[in-house]
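*Asks:* turn this into a model:
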Amino acid sequence: MKEIKTPGYGKIWHISYPIILSLIAQNAVNVTDTAFLGRVGEVELGASAIAGLFYISLFMLGFGFSIGGQILIARRNGEKNFGEIGRITDNSLYFLMGLGLILFMFISFFAPQILRPLISSNDIYHASIEFLKYRIYGIFFAFGNVLLRAFYIGTTSTRVLTYNAIILAGTNIFLDYCLIFGNFGFPEMGIRGAALASAISETVSAFFFFTYTLKVVDLKKYNLFHFGSFDWKIIKTTFNISVFVMLQTFLSLAGWFIFFMIIEKMGERSLAVSNIIRSIYIVLLIPVFAFGSATSSLVGNLIGEGRSENVIPVIFKVSKLNFMIIAAIVGIAVFIPRSIISIYTNDPSLINDTLPVLYVIMTAVSLFSFSNILFNGVSGTARTEVALIIEVVTIGIYLIVTYLLTTVFHLPIYLVWTTEIIYFLLIGLLSYLYLKSGHWKLNKSLIAGISSNNN
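*Replies:* Okay, the predicted model is just below:
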């Protein structure tokens, strides 16, 4: 009998590198927003962090649903049941557009009441509300983007993600330059310009994504974009997988939002430092997130092919490859920390205050290169309720420690950021213990739900 090997490093890299390139392009948006607003003022820099995290926390509900769809798409792709993929995608689009409308209304009417008691600075509060007024118009197009991202990652056809992200980043950088500072005859809008640029760039990106799919993808093979009647059975099965991912991703970002709310009480300088660090942090984490997505897709495909015994070995292969890349990036960053920070600000005192925090997150990123792969491995097995439990426990401890360091012990900002190290250690340990237990192999009925219910 021929031995079936786990996917090799070449296959892992083939799936992962387009995601890495797409995330680099997407995070150029974040870097540009932060760098430009850092030259407008510390209030705008801090407000963009708070308002941005508030928006992203809610957006993660839709992103979480798309991850549940990605898990199902990967499983159907592994089973060669391609016709079900389009039905999952089409019905997910219906759901996400409805969710987008709900979140649009929620942010429009309730964001001021929620943020007012949470933000000490009046200037930061008003700037945050101005940001959200313009930012929310991109949510429908952003949900369309994450759905097609789920389709392409689930089917392991990730190259288009790079093209799409370059269009997204290029549009946003140009519009940021025009709308924040009032260049090329555009109005000078400051923080409102950054928000509007993001919304427009998401719209342009979505039009490209859907046009590309219509022209290049074999729609008949995948039964894609038929837009038939709303199928509650498909939505129910997808939602049963997704609800835990939705809650998990929401809690993850909501936890970070609360983290920044706690830091905001430390003053505008600490918040400005933390927003610069947030932007650098996300850039450093690009390979981690990319390999995490690849892990989830590979695990889903392996289980769909009936090769559960290969799941743990492939997770460790991805972890090793991810760590080598992160170690190289951190190794370079250690030698040029001031140059990295100066991208965001030309204020020498702000650079000096940011420097020790940068060293802390370099350590955290190295740990995350392992823990995030393990955590995505849990999600890829479709035991998303376990991933949620792991997230709840970890976030709870993370926020308690943050509160103690800031409010009880009044430690400096660089020591407050050591909570990230605690977070990654915990989430990695709990994920490893669950995967090692083998309990995830018992989850079969839920994933099979769509086919059995619709045949």
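
*Asks:* buried stuff in the host helix or strand of residue 164?
*Replies:* With elements delineated by DSSP states H and E, residue 164 resides in helix 159-181, which encompasses its position. Of the residues in helix 159-181, 160-181 count as buried by neighbour count, 16 or more other Cβ atoms under 10 Å. Where you see a C-beta, it was placed from the backbone N, CA and C, and this is true even at glycine.

*Asks:* show me which residues of whichever helix or strand comes after that helix are buried.
*Replies:* Once the chain leaves helix 159-181, the next helix or strand it forms, by DSSP H and E, is helix 191-216. For helix 191-216, the buried set under the neighbour-count rule, 16+ other Cβ under 10 Å, comprises 191-206, 208-210, 212-213.

*Asks:* so which elements touch the very next helix or strand once past helix 191-216?
*Replies:* With elements assigned by DSSP H and E, the helix or strand that comes after helix 191-216 is helix 219-222. Counting contacts by 3 or more Cβ pairs under 8 Å, 6 or more residues apart in numbering; DSSP states H and E, helix 219-222 packs against helix 82-115.

*Asks:* helices and strands around the helix it packs on, which ones?
*Replies:* Using 3+ Cβ pairs under 8 Å, 6+ apart as the contact criterion, the secondary-structure elements in contact with helix 82-115 are helix 42-79, helix 122-135, helix 139-154, helix 219-222, helix 232-264, helix 449-454.

*Asks:* what about those, which gets the closest to residue 345?
*Replies:* Closest approach to residue 345 among the helices and strands packed on helix 82-115 (Cβ to Cβ): helix 42-79, 8.0 Å.

*Asks:* so which helix or strand takes in residue 270?
*Replies:* Assignment of secondary structure by DSSP H and E places residue 270 within helix 268-284.

*Asks:* distance check, residue 22 against residue 253.
*Replies:* 20 Å (Cβ to Cβ, to the nearest Å).

*Asks:* which of these two has more neighbours?
*Replies:* Between residue 22 and residue 253, counting by other Cβ atoms under 10 Å, residue 22 is the more crowded of the two (27 against 20).

*Asks:* doesn't residue 167 make contact with that one?
*Replies:* No. In this structure residue 22 lies outside contact range of residue 167 using Cβ atoms under 8 Å: 10.5 Å.

*Asks:* ok, how many other residues are close to residue 89?
*Replies:* A total of 26 residues lie near residue 89 under the criterion other Cβ under 10 Å.

*Asks:* quick one: residues contacting it.
*Replies:* 69, 73, 147-148, 150-151, 222, 224-225 (Cβ atoms under 8 Å, 6 or more residues apart in numbering).

*Asks:* what do you get if the cut-off is 7 Å, keeping everything else the same?
*Replies:* Each residue near residue 89 by Cβ atoms under 7 Å, 6 or more residues apart in numbering is listed here: 69, 147, 151, 224.

*Asks:* do the same with residue 302
*Replies:* Contacts of residue 302 by Cβ under 7 Å, 6+ apart are 78, 308, 310-311, 314.

*Asks:* per-residue pLDDT of it, please?
*Replies:* Here, the pLDDT recorded for residue 302 equals 85.

*Asks:* then the one 10 residues further on?
*Replies:* Looking at residue 312, its pLDDT stands at 89.

*Asks:* chain center to the host helix or strand of it, what's the gap?
*Replies:* Following DSSP H and E, one finds residue 312 within helix 311-333. Between the mean C-alpha point of helix 311-333 and the mean C-alpha point of its chain there is a distance of 19 Å (Cα atoms, centre = their mean, to the nearest Å).

*Asks:* name the residues that touch it?
*Replies:* Taking contacts as Cβ under 7 Å, 6+ apart, the residues outside helix 311-333 that touch it are 6-7, 9, 12-13, 284, 287-288, 291, 294-295, 298-299, 302-303, 340, 362, 365-366, 369-370, 373-374, 377, 381, 435.

*Asks:* mind checking how far the residue nearest to residue 269 when sequence neighbours are not counted is from residue 270?
*Replies:* Distances taken as Cβ to Cβ, 6 or more residues apart in numbering put residue 353 closest to residue 269, at 6.6 Å, once the chain neighbours are dropped. Separation of residue 353 from residue 270 (Cβ to Cβ) stands at 8 Å.

*Asks:* okay, strands next: where are they in the stretch 301-450 of the chain?
*Replies:* Listed in chain order, the stretch 301-450 of the chain contains no strands at all (DSSP state E, counting those that start in this stretch).

*Asks:* quick one: low-confidence parts of it?
*Replies:* Segments of the stretch 301-450 of the chain classed as low confidence (criterion: pLDDT under 70) are 443-450.

*Asks:* rerun at 50
*Replies:* Judged by pLDDT under 50, the stretch 301-450 of the chain has its weakly predicted residues at 445-446, 449-450.

*Asks:* just the stretch 51-200 of the chain next, same as before
*Replies:* Under the criterion of pLDDT under 50, none of the stretch 51-200 of the chain is flagged as low confidence.

*Asks:* other SSEs contacting the helix holding residue 270?
*Replies:* Judged by 3 or more Cβ pairs under 7 Å, 6 or more residues apart in numbering; DSSP states H and E, the packing partners of helix 268-284 are helix 9-38, helix 42-79, helix 232-264, helix 348-380, helix 413-416.

*Asks:* check which residues of the second one are buried.
*Replies:* Residues of helix 42-79 classed as buried: 42-79 (neighbour count, 16+ other Cβ under 10 Å).

*Asks:* what's the distance between residue 373 and residue 115?
*Replies:* Between residue 373 and residue 115 the distance, using Cβ to Cβ, works out to 35 Å.

*Asks:* which one of these two is surrounded by more residues?
*Replies:* Neighbour count, other Cβ under 10 Å: between residue 373 and residue 115, residue 373 has more, with 27 against 18.

*Asks:* what is the burial count for the spatially closest residue to that one that is not a sequence neighbour?
*Replies:* Nearest residue to residue 373, sequence neighbours excluded (Cβ to Cβ, 6+ apart): residue 319, at 4.5 Å. Residue 319 has 20 neighbours, counted by other Cβ under 10 Å.

*Asks:* any idea how far residue 319 is from residue 377?
*Replies:* Residue 319 sits at a distance of 9 Å from residue 377 (criterion: Cβ to Cβ).

*Asks:* residue 37 too?
*Replies:* Counting by Cβ to Cβ, the gap between residue 37 and residue 377 amounts to 37 Å.

*Asks:* and residue 339, by the same measure?
*Replies:* 35 Å.
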